[in-house]
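In: Fold the following.
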Amino acid sequence: MAKIGLFDLEKHFAFYGAYHSNPVNIFIHMVFVWPILFTALVLLYFTPTLFNFPQVSFQNHFLVLNFGFLFTVIYSLFYVGLDKRAGSLAALLTFGCWVLGSSLANHLGFSLAWKVVLAAQLFCWTGQFIGHGVFEKRAPALLDNLTQAFLMAPFFVLLEALQMLFGYEPYPGFHARVKAQVEAEIKEWKDKKEKKIS
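Out: Have a look, this model is predicted:
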């Protein structure tokens, strides 16, 4: 069922969907959003430890409970709060990104990791901006709501993929309701844009 407030999946998905309605732009985001999260977690591996717990070892590398871990927990809990089934999958993927990102960061060391992260981030962000400018013909959602755009992007593309591949809906009628809201928001944006021009 629909939730309210912070965990209102329909509202979040409609907001994000209004900026991502072009199929090519959606595909571009499906390709680039998770690598952005992954590489951010690689870089966050080098932040200080937040808790004085013993370090956890994974394949001879240590997992550090730092800002990367904190963001992973926040993202994961938020996704599960939005939808238990797809959110659990998103949480698992997010934790996988943290573990693998930590392992890669430990292997590369900071002096090489930041360069790899910078190159990957520039490449992925450029792809997304091209998707918005060329195909969507609308500025990205992050210009209107930075926090929601960053937090929702991985979950949005996962839900899109689950819907395309398996017909998944968090609850019956979800996609029809969101589609109507997205169309209304796009119409409102186009009307405002036309009024500015005239």
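In: use CA for all of it now, contacts and neighbours both
Out: OK.
In: nearest spatial neighbour of Phe68, skipping sequence neighbours?
Out: Careful, residue 68 is Gly and not Phe. Take Gly68 and drop its neighbours on the chain: the residue closest to it by C-alpha to C-alpha, 6 or more residues apart in numbering is Leu44, 4.8 Å away.
In: Might you report the residue contacts of that neighbour?
Out: 66-68 (C-alpha atoms under 8 Å, 6 or more residues apart in numbering).
In: Distance-wise, check it relative to Cys97.
Out: Going from Leu44 to Cys97 by C-alpha to C-alpha, to the nearest Å gives 12 Å.
In: swap in Lys193?
Out: Distance of Lys193 to Cys97, given as C-alpha to C-alpha: 39 Å.
In: picking up where we left off before, among the contacts of Leu44, which one sits closest to Pro23?
Out: Nearest to Pro23, judged by C-alpha to C-alpha, of the contacts of Leu44 is Gly68 at 31.4 Å.
In: these two touch, right, that closest one and Tyr45?
Out: Yes. Judged on C-alpha atoms under 8 Å, Gly68 makes contact with Tyr45 at a distance of 5.8 Å.
In: picking up where we left off before, more neighbours, Lys193 and Cys97?
Out: Neighbour count, other C-alpha atoms under 10 Å: between Lys193 and Cys97, Cys97 has more, with 22 against 11.
In: For the nearest residue to that one once chain neighbours are set aside, pull up the helix or strand it's in.
Out: Spatial nearest neighbour of Cys97, excluding adjacent residues (C-alpha to C-alpha, 6+ apart): Phe38 at 5.2 Å. With secondary structure defined by DSSP states H and E, Phe38 is part of helix 23-44.
In: list the buried ones in that helix?
Out: For helix 23-44, the neighbour count (16 or more other C-alpha atoms under 10 Å) marks 25-30, 32-44 as buried.
In: State the phi and psi torsions of Tyr45.
Out: phi -60, psi -30 (degrees, to the nearest 10).
In: tell me, how many neighbours does it end up with?
Out: When neighbours are counted by other C-alpha under 10 Å, Tyr45 registers 28.
In: ok, it - contacts?
Out: 64, 66-68, 101-102, 105-106.
In: Please tell me how far it sits from Gly101.
Out: 8 Å.
In: where do the helices sit along this protein?
Out: Under the criterion DSSP state H, the chain contains helices at 9-18, 23-44, 67-82, 84-108, 110-130, 146-166, 174-197.
In: Distance to Arg138 and mean pLDDT for these - can I get that in CSV?
Out: Listed next are the helices of the chain as CSV, based on distance: least, C-alpha to C-alpha, whole Å; pLDDT from 0 to 100:
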stretch, distance to Arg138, mean pLDDT
helix 9-18, 9, 88
helix 23-44, 10, 96
helix 67-82, 26, 95
helix 84-108, 27, 96
helix 110-130, 10, 97
helix 146-166, 14, 90
helix 174-197, 10, 86
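In: how about those helices, which one is nearest Pro140?
Out: Shortest distance between Pro140 and the helices of the chain, using C-alpha to C-alpha, is found for helix 110-130: 7.4 Å.
In: So which bits of that closest one are buried?
Out: Buried residues in helix 110-130 (16+ other C-alpha under 10 Å): 113-114, 116-117, 120-121, 124, 127-129.
In: I appreciate the help and will end here.
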